[in-house]
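Colleague: Kindly return the folded structure for what I paste below:
(chains A, B, C, D and E)
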Amino acid sequence: MGLHSHRRQTEKVGSAPGTLFDLPVQAPSRLWAVHYDAEDITEYPEVDLETAFQAITPDGVTWIHVQGEPDRQLLDQMGEIFGLHGLALEDVQSMVQRPKIDVYKEQVFAILNLPCWKGDEIQLEQFNLFIGAGYVLSIHAGDEDIVQVLRQRMLKSRTRLRTHGTDYLFYALMDLIIDQAFPLLESFGEEVEDLEEALLERPSRELLSNIYRQKRNLMLLRRQLWPTREVVNKLIRGIDYGDFFEPELQPYLQDLYDHTVHIMDLLETYRDIVASMLDVYLSSVSNRLNDIMRVLTMFSTTFIPLTFIVGVYGMNFGNNTQSPWAMPELRLYYGYPIVWAVMLLIAVGMFIFFRRKGWLGGVDRH
Amino acid sequence: MGLHSHRRQTEKVGSAPGTLFDLPVQAPSRLWAVHYDAEDITEYPEVDLETAFQAITPDGVTWIHVQGEPDRQLLDQMGEIFGLHGLALEDVQSMVQRPKIDVYKEQVFAILNLPCWKGDEIQLEQFNLFIGAGYVLSIHAGDEDIVQVLRQRMLKSRTRLRTHGTDYLFYALMDLIIDQAFPLLESFGEEVEDLEEALLERPSRELLSNIYRQKRNLMLLRRQLWPTREVVNKLIRGIDYGDFFEPELQPYLQDLYDHTVHIMDLLETYRDIVASMLDVYLSSVSNRLNDIMRVLTMFSTTFIPLTFIVGVYGMNFGNNTQSPWAMPELRLYYGYPIVWAVMLLIAVGMFIFFRRKGWLGGVDRH
Amino acid sequence: MGLHSHRRQTEKVGSAPGTLFDLPVQAPSRLWAVHYDAEDITEYPEVDLETAFQAITPDGVTWIHVQGEPDRQLLDQMGEIFGLHGLALEDVQSMVQRPKIDVYKEQVFAILNLPCWKGDEIQLEQFNLFIGAGYVLSIHAGDEDIVQVLRQRMLKSRTRLRTHGTDYLFYALMDLIIDQAFPLLESFGEEVEDLEEALLERPSRELLSNIYRQKRNLMLLRRQLWPTREVVNKLIRGIDYGDFFEPELQPYLQDLYDHTVHIMDLLETYRDIVASMLDVYLSSVSNRLNDIMRVLTMFSTTFIPLTFIVGVYGMNFGNNTQSPWAMPELRLYYGYPIVWAVMLLIAVGMFIFFRRKGWLGGVDRH
Amino acid sequence: MGLHSHRRQTEKVGSAPGTLFDLPVQAPSRLWAVHYDAEDITEYPEVDLETAFQAITPDGVTWIHVQGEPDRQLLDQMGEIFGLHGLALEDVQSMVQRPKIDVYKEQVFAILNLPCWKGDEIQLEQFNLFIGAGYVLSIHAGDEDIVQVLRQRMLKSRTRLRTHGTDYLFYALMDLIIDQAFPLLESFGEEVEDLEEALLERPSRELLSNIYRQKRNLMLLRRQLWPTREVVNKLIRGIDYGDFFEPELQPYLQDLYDHTVHIMDLLETYRDIVASMLDVYLSSVSNRLNDIMRVLTMFSTTFIPLTFIVGVYGMNFGNNTQSPWAMPELRLYYGYPIVWAVMLLIAVGMFIFFRRKGWLGGVDRH
Amino acid sequence: MGLHSHRRQTEKVGSAPGTLFDLPVQAPSRLWAVHYDAEDITEYPEVDLETAFQAITPDGVTWIHVQGEPDRQLLDQMGEIFGLHGLALEDVQSMVQRPKIDVYKEQVFAILNLPCWKGDEIQLEQFNLFIGAGYVLSIHAGDEDIVQVLRQRMLKSRTRLRTHGTDYLFYALMDLIIDQAFPLLESFGEEVEDLEEALLERPSRELLSNIYRQKRNLMLLRRQLWPTREVVNKLIRGIDYGDFFEPELQPYLQDLYDHTVHIMDLLETYRDIVASMLDVYLSSVSNRLNDIMRVLTMFSTTFIPLTFIVGVYGMNFGNNTQSPWAMPELRLYYGYPIVWAVMLLIAVGMFIFFRRKGWLGGVDRH
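Modeller: Numbering: from 1, shown residues only, chains lettered A, B, ... in the order given. The predicted model follows:
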């Protein structure tokens, strides 16, 4: 999830609100529709907007889905045929919106963001939902056809979807999109646990950049998903939306709200964990380095008095053969082995001293 | 408490809301019931759901308890016989819900989480509570039969339980579950105090991982228990629940609310303490290491001028016997002892200097 | 203030709410009462509960005070004679409650916590207050008789207390308890200032543990006193309490509320100060250690080239008397003094270099 | 964005509220106006205030724009001719206001802050907006004529602007000013990404000061832009403003509100990222330095026993030719090569030891 | 601003609320009054309270000002003559109150805190304001006569003050006191900028204590000024105060509120900046020290192999003239210069190695 996602917003500064642009579209969008009621279901694969619009009946439900980024022509058509508000169409095109729900006279318009991994990064795909009299219009500016699970369920059997109205379909689509966060968070949880394990045992530089990367991903994800909760909450409280939503939907919306709260909980938990990992990382790296330095320093320190002693007997006072004070040790019969013995004693003594003080494995084994 | 607790949620993405699954169940669940009023009490050990349902009377209280994770068949039965909502049953099965309370037309449904130690980790067991006309249905997806203390009290004597209705039983069950947090927090408190003691005296690497582990446990526990408070609060404010709850219950619910607040207070306190322990740990480790390094460095530093001096008299200028300037010290009668004396003086001088500066025990004893 | 203060809560898990226990009581409680109106005042030192209850008149004020932890028998008596609610009595006995105010039909019940130093630790003593028709019942589970200042004032002269009703007495007792926090915070403030002074000048290990201890004390104190504010606020807003409280009390309660806010302000301020002290401690310790290490390292570094030089002239090339290249320096007439001069030059040069770079007192004197 | 932006506020302390001053103005302001309705449009370039005022008609829209800081005379004129409130004029002059919206009897007054880069720093220019009966008066205390894009759009074609009233023009101006934050944040995002890249690879001292500078810029920017959101929110909720604003404007204001929320989101995200960069910087610098120190220390440590050994054979015990114990190694035929071999073995041994322990590239490559 | 400012509060614990004390007063207070309406103005310099009270008329405005801390006698008089509430008078005397506004039957009472530098510390002087029927009574417990600017403006010309009632005078006094924070914050801003400059270039120990001191000052100042905002907000919302305040004052109060928000904004900004300075200080000090240590370590490391080499040729194997293996290098014609050459090569080689690795100026110049 890059930081430049607001570029389109930048390019439009100064233009009139509700203006559509001739933006290049990566791939042509595909359009299909389905019309159903409790008895019948008709599928319109690869349909044009005009035909789909004519399929709308007051009693049945017509679901029109656009897969891929719609081009300007299609958006203009939508504005004309369905009477969609210019600001809503502008939001569909800009593709950088926060999740939100807007109520217009003839339709309700919701934006959700669908998180998905693109390699190592998390990307958000905008999912637009319109509900109007007798129809639901969904626009998914992404490649993967994630709504087909719903369509297939609908075609295969007479599920609850078939016996409910447009509001239930609207809800079912929101439920589908919002629940996509669970597998994503599952994989997050696994990565966090991997990091945790590495943290205390093998603190490495890569670990640092991994922790940082996950922290950043979580920050961006949290800020994008947070408004989702508000969207669902607005729907629950939304008495104004009464024309399109039946009171029977309340328990389902409440359930959906619980899902969003659950997702936020998980995100917060991961964020807290990753945040405290950075602190522990610092401690852990510093513990490990300290171990190395301490051992090496103690090794060096042991040799310092020994090196001093051999230096003493490297002095040339012994050349003065007149003086009995001139390094008599050099003339001792057992001088050399005695010096070795003294040095050995010093080394062993220091080792014992270090051990007693608990400095050898001091910090980490006590 | 692992981070994967939402796995079941993940597997269900894309399925219709309110769908039950044929999930494997670890152990078969056991079902018993009890019917009582102020005069009589009848126990139905090992009963089936149908029989239990027929025991319900408008005046008495019927308590049906399921110990262990219910399988799909039992859940379907519950839906049919008691008219429980599909979303509620789905929540019972998923076992990863946050504490919540949902009001359906014919029953009120509450979920609580029962924290318990599994070895070194904290696990949460879901406890489900339904209250309907004349009955309370409790489902505890765990091994230990914690409600038997209530059943025994009920059977042994005519306690207040016997003279009150379903709402008091519902409350008594919530009180029992919520109060389970106290012994758990007690053991937490003890562990925190142990950590505190070790912190300033023996900062070790294990201590770091212990602090981190407790911090993580507290974070997860807090996020799971927090909604409990909201559940009780909702009950207190809940005028809609009037059909099942009498106004006389208010002081008891208030008391229950005080318990949840008390638990949250303890959790917050532990969290704050553990958080500041991490800071102090860093200081403490660094203090300890600094002590070692400082002593060793001072020891080494003392030897440095001495080693230089013995190096000086290891130079071979004395071989030049023509020059009176060629290391005349070597030819002094007391040259060697004088050098020793000078070196001793330097060592003592440096020791005094270090002591005066307060560097010997500098940082920690001032 | 230990972390185990909720032990009694733990022991009661699973028992019926509102149950009293035969808990051991440290010292027998003493009971006295006073009955007064604007004209008369009668004191009943060492009275029993029954007699005290009979002293209650509709017009006068009867104040009954229990000093010390009440035993079960006394609590049972209170329940019977005064009609106190079982949950309230349970709270009196448990002695680990957060400050709160509960409204029962026949009385209002408030709990306050009285902070006091026990040696080095802060302890909280529970102070219970009941107000009913014509009486105030106060129970202080502690040793020191802090309410006697009020009793003496009452007996000595016709203060405002005498001309007001039970509500003013209730208020005066709350005011007395809450204001006990001021001397405590005063001593806190003094200790914090001592810590501050030591912080920048003499950062020691004891200081670290002192800062940590104070931080912990403040955290616990804050969490215990925080609800006090809510208690007073509830009283101010409390239209339901109208039976026992006159509107004339409003300005006094507002004044009391200002006191609690003032106390919280002081606590927050100390907490912020102590929190930032930990950061500064780290900087300060590290500054001090760095000074030591830097000076020692520079001292050592100065000797390194000198030791190298004396090593050079300790080489035995000079033994080769055939070669004019074999250490001709050794054969120079002024060789030895020249070497000394060179070494002196190097030492002085390095000293000047260090000084110029600002490394000698670099970090701390710039 | 300096910290002294409140200097004018300082100089006015003690003066009467609503007082205007004879402040020096950097450059004379320019004034132009435009009057339009759905059919006609008349431009008044370089007009005086009196003439502009007379152009106002009840049906059309008159837009008067002041480019540059207005001097006192102009402000006084505005007060007289348009009946603007003294406090509003004082705010226009002070140029250090937070964004706000004030409702006076005859006009609504809004202040927005226009952020723009001045070299390396972010500056805020105050943009004042008055809406009254039939006119919009905008005052931009800056150099760059950013509203000309609007004027040109208006003159060129019959855009939506032309068919709407003063409220839409007011909205369009706010939209223009608020959207100026997008390109600014875009450039911020790019800089943050540059910092991120440098962070883990090349942590330098300049990077530290860059991170600090950006953090500070973000703090100041956030605090200045935050109230903008409140301004728009007030407009949306503002039933009192009904005289000047039509209900049809609601979706546009909602859209504007979404923009401000989006901007705040971006600011918060950048702030969080920059904040955690400081932590990672510390880790990264310390990792890098540790690598250097560890390698050098290991290099030194390897030489320590070798130097000891050569010191041993520099001792002069061998001069004592009487004793067979006097360094017999010196008299060995292969003594010298054996010593070299031993030293080589030690060096290789230590290298292998370090490698096994993972100390060579220990911290960063594991 | 010391931490003992609540000492008077401590001394009063246990006394009856609303009790005045015979506290020692540092300097006698001075009292003057002024009575004015749109036509006339009469000044009463050095007046007594009784006379001032008699100057009050229903139509005109009487302003009585007490400069300096009032003694008990004066306070008692105020209570009697003006009917001020005992709790208000107690607050005037205690001088440690948080800013607040209290509504009594016959007057409204406000407390503001006036911040001013006393040497290096920030002190707060309490400013008390009473508004009643026809009069404003202000008490400033400080030395400097800051209200004289208002009095002079009033006497000199017929300003807006003269044509408005008591409420406008009350507002003008609050405006004057609150705006005193601007010059103070200006000087704060300057000091913060000085600290910032020093931070990255010359991190010293004094800087640390300066940062800490400013942080502490800001914490205390913020906590004292924060309630000011609430005071003004209460006035704006205050429908109860209708007897003393006219609706025409609303825009002025709103303007005042904007000032307090502005002040809080500045305080928050400084606090955030100072907080992040502490982090950067740590980085900066550690960067600087690391530079020193790294250079010195590299210098030492270069000499280590050289010292080893000269040690090698200090060995006495060469004395063994029988063996050709006994240090033949010593007997080489160019042995000595070759050794020097080798050592020079090693030194240069290591220098190049360090440079390539970027270790020489590694951390700070890359």
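Colleague: three-state assignment of the spatially closest residue to A:Ala141 that is not a sequence neighbour?
Modeller: Spatial nearest neighbour of A:Ala141, excluding adjacent residues (Cβ to Cβ, 6 or more residues apart in numbering or on different chains): A:Glu69 at 4.5 Å. For every residue, glycine as well, the C-beta is placed using N, CA and C. A:Glu69 carries the three-state label coil when classified by DSSP: H, G, I helix; E, B strand; the rest coil.
Colleague: Helix or strand: which one has A:Asn113?
Modeller: Using DSSP states H and E, A:Asn113 sits within strand A:108-118.
Colleague: So A:Gln97 versus A:Gly79, what's the distance?
Modeller: 17 Å (Cβ to Cβ, to the nearest Å).
Colleague: Those two: which has the busier surroundings?
Modeller: Each of A:Gln97 and A:Gly79 has its neighbours counted (other Cβ atoms under 10 Å in any protein chain shown); A:Gln97 has more, 19 against 16.
Colleague: pLDDT of the strand holding A:Asn113, averaged?
Modeller: Mean pLDDT, strand A:108-118: 87.
Colleague: okay, the angle between the helix or strand just after that strand and strand A:108-118?
Modeller: Later in the chain than strand A:108-118, the nearest helix or strand by DSSP H and E is strand A:121-132. Strand A:121-132 runs at 160 degrees relative to strand A:108-118, counting by axes from the mean of the first three to the mean of the last three Cα atoms, to 10 degrees.
Colleague: list the helices and strands the helix or strand following strand A:121-132 packs on?
Modeller: Next along the chain after strand A:121-132, taking DSSP H and E as the criterion, comes strand A:135-140. Counting by 3 or more Cβ pairs under 8 Å, 6 or more residues apart in numbering or on different chains; DSSP states H and E, the packing neighbours recorded for strand A:135-140 are strand A:61-67, helix A:72-82, strand A:121-132, helix A:166-179.
Colleague: Over to the residue of the stretch 201-350 of chain A found nearest chain C. Which of the three states is it?
Modeller: Of all residues in the stretch 201-350 of chain A, A:Gly314 sits closest to chain C, at 6.5 Å by Cβ to the nearest Cβ. Following three-state DSSP, the label given to A:Gly314 is coil.
Colleague: That one touches C:Gly314, doesn't it?
Modeller: Yes. In terms of Cβ atoms under 8 Å, A:Gly314 counts as a neighbour of C:Gly314; the distance is 6.5 Å.
Colleague: which residues do the two both contact?
Modeller: By Cβ atoms under 8 Å, 6 or more residues apart in numbering or on different chains, A:Gly314 and C:Gly314 have these common neighbours: B:311, B:314, D:314, E:314.
Colleague: Which helix or strand contains whichever residue of the stretch 101-250 of chain A sits closest to chain B?
Modeller: For the stretch 101-250 of chain A and chain B, the shortest gap (Cβ to the nearest Cβ) falls at A:Gly189, measuring 3.8 Å. Element membership for A:Gly189 (DSSP H and E) is helix A:181-201.
Colleague: got the buried residues for that helix?
Modeller: Buried positions in helix A:181-201, judged by neighbour count with 16 or more other Cβ atoms under 10 Å in any protein chain shown: A:181-186, A:188-189, A:191-192, A:195-196, A:198-200.
Colleague: C-terminal to it, what's the next element?
Modeller: helix A:205-237.
Colleague: Pull out the buried positions in that following helix.
Modeller: Buried, per 16+ other Cβ under 10 Å, within helix A:205-237: A:205, A:207-229, A:231-235.
Colleague: cool, stretch A:145-165 as well?
Modeller: Applying 16+ other Cβ under 10 Å to stretch A:145-165 flags A:146-147, A:150-151, A:153-154, A:161-162, A:164-165 as buried.
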